[in-house]
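A.B. asks: Quick one, fold the following:
(one chain, ligands or ions: 1)
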Amino acid sequence: MLSIENFRKRYDDFELDCTMSVEPGQITGIVGANGAGKSTLFKAILGLVKGDSGRITLFGKEPQQLTREDKEKIGVAFTNAGFNEYLRIKDIVPVLSNVYPSFEKEKFLGSCKKLNLSLDKKLKEFSTGMKAKLNVLIAVSHQAPFLILDEPTAGLDVTAREQVLDLLREYMTEVDGRSIVISSHISSDLEGLCDDIYMIHEGKIILHETMDTILNDYGVIKVTEEQWKKLDKSYLLKKKKESYGYACLTKEKRYYMENHPGVAVENGSLDEVIVMMIQGETV
Ligand SMILES: Nc1ncnc2c1ncn2[C@@H]1O[C@H](COP(=O)(O)OP(=O)(O)OP(=O)(O)O)[C@@H](O)[C@H]1O
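C.D. replies: Prediction:
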């Protein structure tokens, strides 16, 4: 569905250099700190940022070749939806009906009710969470087979986050072959949602794994200085000095559980893997 090959974009002191692919039926998560390059990547996918080299294709076409019909097949949720803040949802509905021939009005209005989004309130009176929920509702409202969501859960409380994640799960199960690319700072949101994870750091992809691999195979080993000396280092990816000794990232946690029974091996949560990949040093 989406293919990015050696796409490069340079700003003064920053360069995005990215290769990734998204298959139909997959939810792909993009994690990275502030300024890592996530928004630049998303804008490039939509053709809003032109690269210096490399190639992006969505539905088999380069972003600049996408027709109006192709663009209708993309559901987008960026932090700023772009609607005039003085509009109300009831003013937006006819706009969406015009722009998207497949806009599902009744379903959209039903979801607004379910998520407590007033049709009569001006958008400028919406809370951050209400705006975020509306953005996602719009993205899923017109049967687009591909969604691109930049931080859709940012600033949401736990309940609102779950509501947004449920909307996305529902979107995926409604029709086969749909895909989502989603960025988030909140790893637990991605853990419960994504099939595939790309970690971006300073414009580069530093990790690409399936979510299952991260949760099943990655682990953090915690050892004292003494244990460190005897530890088989063959399958360690990163190490980080800690007060007790070292924390080490491995993709072979079972190997260490079986062969180093006295050593603490913890399941690698996405957050832990991110911290180790970014702050750890290569072993
Ligand atoms: N139009 C631009 N001109 C110059 N530099 C830019 C421009 N857009 C982005 N950058 C730089 O590119 C880098 C990546 O920014 P980007 O917004 O893609 O990061 P991000 O991962 O989305 O960050 P955040 O999580 O804070 O939104 C930053 O150093 C930013 O200053």
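A.B. asks: touching the ligand at all, the least confident helix or strand in the chain by mean pLDDT?
C.D. replies: Every helix and strand of the chain was ranked by mean pLDDT, DSSP states H and E. The lowest is helix 187-191, at a mean of 86. No - counting by CB under 6 Å from any ligand atom, the ligand has no neighbours in helix 187-191; the shortest distance is 13.6 Å. Any C-beta I mention is one placed from the backbone N, CA and C, and that applies to glycine too.
A.B. asks: What residues of that helix count as buried?
C.D. replies: Across helix 187-191, burial judged by 16 or more other CB atoms under 10 Å covers 187, 189-191.
A.B. asks: count of residues packed around residue 160?
C.D. replies: Residues contacting residue 160 under the criterion other CB atoms under 10 Å number 19.
A.B. asks: tell me what the one helix or strand it maps to is packed against?
C.D. replies: Assigned by DSSP states H and E, residue 160 belongs to helix 158-174. Secondary-structure packing of helix 158-174 (3 or more CB pairs under 8 Å, 6 or more residues apart in numbering; DSSP states H and E): helix 128-139, strand 146-150, strand 179-183.
A.B. asks: got a markdown table for these, with distance to residue 60 too?
C.D. replies: Output for these, formatted as a markdown table (distance: least, CB to CB, whole Å):
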| stretch | distance to residue 60 |
| --- | --- |
| helix 128-139 | 22 |
| strand 146-150 | 12 |
| strand 179-183 | 14 |
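A.B. asks: would you list the ones you listed in TSV and tack on distance to residue 203 and mean pLDDT?
C.D. replies: Output for those, formatted as TSV (distance: least, CB to CB, whole Å; pLDDT from 0 to 100):
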stretch	distance to residue 203	mean pLDDT
helix 128-139	26	90
strand 146-150	16	95
strand 179-183	14	96
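A.B. asks: Dump the ones you listed to a markdown table, plus mean neighbour count.
C.D. replies: As requested, the helices and strands packed on helix 158-174 are exported to a markdown table (neighbours: other CB atoms under 10 Å):
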| stretch | mean neighbour count |
| --- | --- |
| helix 128-139 | 22 |
| strand 146-150 | 23 |
| strand 179-183 | 24 |
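A.B. asks: out of the ones you listed, nearest to residue 57?
C.D. replies: With CB to CB as the measure, strand 146-150 is the member of the helices and strands packed on helix 158-174 nearest residue 57 (12.1 Å).
A.B. asks: Compute the inter-axis angle for that closest one and helix 128-139.
C.D. replies: 160 degrees (axes from the mean of the first three to the mean of the last three CA atoms, to 10 degrees).
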